[in-house]
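Asker: Here you go, sequence then predicted model.
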Amino acid sequence: MTELSWRDAVFSLKTFAAAMLAVFIAFKVPLPQPTWAMLTVYVVSQPLAGMVVSKSIFRVVGTVVGAAMSLVLVDLFADTREVFLLALALWIGCCTYVAVYLRDAPAAYGAMLSGYTTAIIGVPAALAPLTAFDLAWARCLEITLGIGCATLVSQIVFPRTVGDVLQATIDNAWSDARQWTIDVLRGQADAASGLTDRRKLVGDIVRLETLRAHAVFDTPAIRAAEMAVRHLQARLMMLMSVLVGVHDRLSILSGERPETVAALRPLLDRVAMRVMPALPTMGGVEADNDAALEQEALDREIMGRLPAFTALQQDRDQLLLYSILLRLDDVRTLCREVQQIRDRILAGAATEAPAVPPFARYRDPMLAAAGALVSTMAVLTAAVFWIATGWPDGAQAVIFAGVICSILASLDDPAAAATGFLKMTVYAIGVAALYVFVVIPRIDGFTTLMAVLLPFYLPVGMIIALPRLGPLVLPLALNTAALLSLGNDRPFPDLASYLNMSLGLIVGIVAGVLMFRLLRPLGVAWTVRRLIADMMMDLAQITASSGSVPRFSFESRMYDRISALFTRLNPAEPDDLAAMRGSLAALRIGLNILALTAVRPRLAADPATAVRSVLAALRRKFEAPGWDDGAASPLPIIADAIARLLAAGPAPGVTEALVALGAIQTSLSQHPGFFGLPSARDAASSATVAPLVTA
């Protein structure tokens, strides 16, 4: 309760007002079951106005598609109940597959709705085929009414736009990026603060994409600056990947050549000073001139410190220094660009920017297939139970088996979530029974109905607004509304019918729980393993890309996986911490593989052959099942390739290839456990270069 704020109270009051408005209109029209209008308001309501609009659009689409499909199934199979239920189960499974596959894309919500709306409309319609169209039409009207009321209230009553949250997230992302940059450059990126900065930044980068997709519905300025937001995402991702490389190289160089890092420290501090926020007293033309002069001085110093190629041939540690200096220039450039884009977006200034590829999200067909299987089998199980028992209210079990599996199929541990849903349903049965049999029979009029419902829905609505607790409590609000059975065309249920309806609800949810436990017994650990395996497969695939994979597409997909990984891991656990660090190293390896594939055509025959050998070795390693120690380590081949490129001399593309190879070698040797390599000592020994070739 300490997490609640006045914003949550406002959200709860707005949601309740929208629900009561929808119920009032549904009674006046009249529509058969105003309960569905109330339910819809609580389903689509979000604290942010743009999210309500985007969610509502896809709910309307999903409802219409589901209603149409229910009419098709009833028309085809109403006379053969078994075939109808089989077709319904397969349809819900297909919709679940699409919803889980698309994950958090807005269209995923429409796919999910298309599945269980078909069950909600189709099962009662199949029992009375002559009323199928009327039932589908009424349900669509009730749901659309709820959507309209929720959208109207969210837009006109103390609206909180997604655009405001997006702008705050942009500010936070830049602040996190700047702080982590300063920590890395000053050698203060220890395990605690450094990883916290990275975790926050990854979350902000991925959250920007979700907020941008919703902000276009409620903030015209963001719609106009949509391309600029994508450019900001791209620059932040590039900056973070560069910082990972700088951090790893400085760590190695600090252990092997502390005197080199000490000599480099004044330059690192000066670059860090350029990244720090400007003091309030700074500004004006003179300050701008001073900044430009400092920028030029830093450029000259960085270029002047770059080791010559002969130095690289004589001392391998000079390659680390060379890479650090190159990345320092990248850090400065990227920080400056992020600052400029961020300022333009927050100021609402018009920007003309080249097109950026869409943010690539990762997809998991196996998880989607598992969700589809669970949904199909749960519906079939409930259907078999209904047919075998001949229970008149068994139809409710079929409906809610489809609903529960559709909603929870994408979760890491859906069985636990379904069990929690079942508990909240039991509580809802008790709350609704109190209203149906004790409170509502003693009241008269709509105003009194609002007065008696408010004490329950006000606190529940406040908790729903909390991201951590909302999904747990939402079933209590939804099922209570469903069991109230507010309707124009039927009286309140008697005790026997209420108990049968409640039992049907419980049986359907239990069927979902059982199928989740039998067919999806794997939890968070399984999801983590799949995310890492997909990262490795991506790395294996780009080794043969010949430079054709767009950097932004690869990078955004990797960051999407990294963000999903970070939300499931605890940095306080050593193994989880190693996995978090290793995932960032995998990103750096991927970016350097792309650099190798791009530079390879410019190399002479022998260096190009060496690079091809490295790419082939990396592909074999990352394609190996479990990428375990059974696959040969690519480190000796990388070391040999570096020696061959050094021997080739300063030919076209050689320096760029050397930098990329050194970066891959560094990332692999710094995170051997993550990549299934020998211990750090063995990896360092195998990576030692044979006697260096001199010019």
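Answerer: Arrived safely, thanks for sending.
Asker: Count the neighbours of Arg568 for me.
Answerer: Using other Cβ atoms under 10 Å, the number of residues around Arg568 comes to 17. The way it works is simple: take the backbone N, C-alpha and C, and place the C-beta from them, glycine included.
Asker: and it, what are its phi and psi?
Answerer: Dihedral pair for Arg568: phi -110, psi 0, per degrees, to the nearest 10.
Asker: And the helices in the stretch 251-400 of the chain, which stretches?
Answerer: Applying DSSP state H, counting those that start in this stretch to the stretch 251-400 of the chain gives helices spanning 258-275, 284-305, 309-314, 317-347, 365-389, 394-408.
Asker: Can you say which of those is packed in most?
Answerer: helix 394-408 (a mean of 27; mean count of other Cβ atoms under 10 Å).
Asker: which other helices and strands contact the following helix or strand past that one?
Answerer: Where DSSP states H and E defines the elements, the next helix or strand beyond helix 394-408 is helix 414-434. Applying 3 or more Cβ pairs under 8 Å, 6 or more residues apart in numbering; DSSP states H and E, we find helix 414-434 packed against helix 394-408, helix 470-484, helix 495-519.
Asker: list the buried ones in the helix or strand encompassing Asp534?
Answerer: Per DSSP H and E, Asp534 falls inside helix 524-542. Buried positions in helix 524-542, judged by neighbour count with 16 or more other Cβ atoms under 10 Å: 527-528, 530-532, 534-536, 538-542.
Asker: One more: stretch 544-557?
Answerer: By neighbour count on 16+ other Cβ under 10 Å, the buried set for stretch 544-557 is 549, 551-552, 554-557.
Asker: From those residues, which land in strands?
Answerer: Among those, no member falls in strands (criterion: DSSP state E).
Asker: Now for Glu82: which residues touch it?
Answerer: Glu82 is in contact with Ile387, counting by Cβ atoms under 8 Å, 6 or more residues apart in numbering.
Asker: What helix or strand is it located in?
Answerer: helix 81-102.
Asker: Columns distance to Val379 on top of the buried residues of helix 524-542, output as a markdown table?
Answerer: Conversion of the buried residues of helix 524-542 to a markdown table gives the following (distance: Cβ to Cβ, whole Å):
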| residue | distance to Val379 |
| --- | --- |
| Thr527 | 24 |
| Val528 | 30 |
| Arg530 | 26 |
| Leu531 | 29 |
| Ile532 | 33 |
| Asp534 | 29 |
| Met535 | 34 |
| Met536 | 36 |
| Asp538 | 35 |
| Leu539 | 39 |
| Ala540 | 38 |
| Gln541 | 36 |
| Ile542 | 40 |
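Asker: Tell me the one among the residues you listed nearest to Arg619.
Answerer: For the buried residues of helix 524-542, the residue nearest Arg619 by Cβ to Cβ is Ala540; the value is 5.0 Å.
Asker: Do you know the pLDDT at the closest one?
Answerer: Per-residue pLDDT puts Ala540 at 90.
Asker: Output stretch 6-14 in CSV with nothing but the alpha carbons.
Answerer: Extracted in CSV, the C-alpha atoms of stretch 6-14 (Å, rounded to 0.1, in the frame of the first residue of the first chain):
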residue,chain,number,x,y,z
TRP,A,6,-2.8,10.2,-5.7
ARG,A,7,-2.3,9.3,-9.4
ASP,A,8,-3.4,5.8,-8.7
ALA,A,9,-6.5,7.1,-6.9
VAL,A,10,-7.3,9.3,-9.9
PHE,A,11,-6.8,6.4,-12.3
SER,A,12,-9.1,4.2,-10.2
LEU,A,13,-11.8,6.9,-10.1
LYS,A,14,-11.6,7.5,-13.8
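Asker: Pull out the buried positions in that stretch.
Answerer: Neighbour count says stretch 6-14 has 8, 10-14 buried, by 16+ other Cβ under 10 Å.
Asker: Export only the CA atoms of the helix holding Glu82, formatted as PDB.
Answerer: Output of helix 81-102 as PDB, limited to C-alpha atoms (Å, rounded to 0.1, in the frame of the first residue of the first chain):
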ATOM      1  CA  ARG A  81     -21.000 -30.300 -31.300                       C
ATOM      2  CA  GLU A  82     -17.800 -32.400 -31.200                       C
ATOM      3  CA  VAL A  83     -16.500 -31.000 -34.500                       C
ATOM      4  CA  PHE A  84     -17.400 -27.500 -33.400                       C
ATOM      5  CA  LEU A  85     -15.500 -27.800 -30.200                       C
ATOM      6  CA  LEU A  86     -12.500 -29.300 -32.000                       C
ATOM      7  CA  ALA A  87     -12.500 -26.400 -34.500                       C
ATOM      8  CA  LEU A  88     -12.900 -23.900 -31.700                       C
ATOM      9  CA  ALA A  89      -9.900 -25.400 -29.800                       C
ATOM     10  CA  LEU A  90      -7.700 -25.300 -33.000                       C
ATOM     11  CA  TRP A  91      -8.700 -21.700 -33.700                       C
ATOM     12  CA  ILE A  92      -7.900 -20.600 -30.100                       C
ATOM     13  CA  GLY A  93      -4.600 -22.400 -30.400                       C
ATOM     14  CA  CYS A  94      -3.700 -20.600 -33.700                       C
ATOM     15  CA  CYS A  95      -4.600 -17.200 -32.200                       C
ATOM     16  CA  THR A  96      -2.600 -17.900 -29.100                       C
ATOM     17  CA  TYR A  97       0.400 -18.800 -31.400                       C
ATOM     18  CA  VAL A  98       0.200 -15.400 -33.100                       C
ATOM     19  CA  ALA A  99      -0.200 -13.500 -29.800                       C
ATOM     20  CA  VAL A 100       2.800 -15.200 -28.200                       C
ATOM     21  CA  TYR A 101       4.900 -14.900 -31.300                       C
ATOM     22  CA  LEU A 102       4.200 -11.200 -31.600                       C
END
